[in-house]
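Participant: coordinates only, sequence not included:
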């Protein structure tokens, strides 16, 4: 069973980054205005919060969520994200996020053993929840679609980067 000690500090930070960039990639793929962005951020946050109380949640996933609540570890992740996305153009966000997810997938494959599929499934679940959080297109929420074509494409790219199957 993998845990934080199974990884180097740099690898652990990459795994924590992967949790953050998954939702960012979906939001960047099809920006839906301020309300849409808030709904998408809330969807990701709600999923993270639900892991804490889910008795069936994978222990590695729980440990990652717990680490993100730790001020020092969260600061390290924020610093890494600032380096990665600071000054990035909107068109660069998805490719940079996918790079982090490829790295995380490789780390999980190499070191997480039986916990790798559960962690990857968790990342795919974050992506799907964020994609479904806000209707795209239409006017004032009328006539839009739940998951846009751009979001569907990004869901597939995320799954590919992780070496899994797309969720939607």
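Facilitator: Ah, there it is. Here the structure is a predicted model, which means the values were calculated and not measured. Numbers count the residues shown, from 1 in each chain.

Participant: how near is the residue most central in space within the chain to residue 55?
Facilitator: Centroid-nearest residue in the chain: residue 22, 2.3 Å away (criterion: Cα atoms, centre = their mean). Residue 22 sits 23 Å away from residue 55, going by Cβ to Cβ, to the nearest Å. Where C-beta positions appear, they are placed from N, C-alpha and C, glycine not excepted.

Participant: now do residue 31
Facilitator: 36 Å.

Participant: So which of those two has more stuff around it?
Facilitator: Set side by side, residue 31 and residue 55 show more neighbours around residue 31, with 14 against 4, by other Cβ atoms under 10 Å.

Participant: returning to that earlier point: secondary structure element holding the residue nearest to the centre of the chain?
Facilitator: Using DSSP states H and E, residue 22 maps to helix 9-29.

Participant: go on, residue 76?
Facilitator: helix 71-85.

Participant: With residue 37 instead?
Facilitator: Here residue 37 is assigned to helix 33-53, by DSSP H and E.

Participant: what's the answer for residue 154, then?
Facilitator: Applying DSSP H and E as the criterion places residue 154 in helix 149-162.

Participant: could you give the angle of that helix to helix 9-29?
Facilitator: Orientation of helix 149-162 against helix 9-29 (axes from the mean of the first three to the mean of the last three Cα atoms, to 10 degrees) gives an angle of 160 degrees.

Participant: Let me know the angle separating helix 149-162 from helix 33-53.
Facilitator: 40 degrees.
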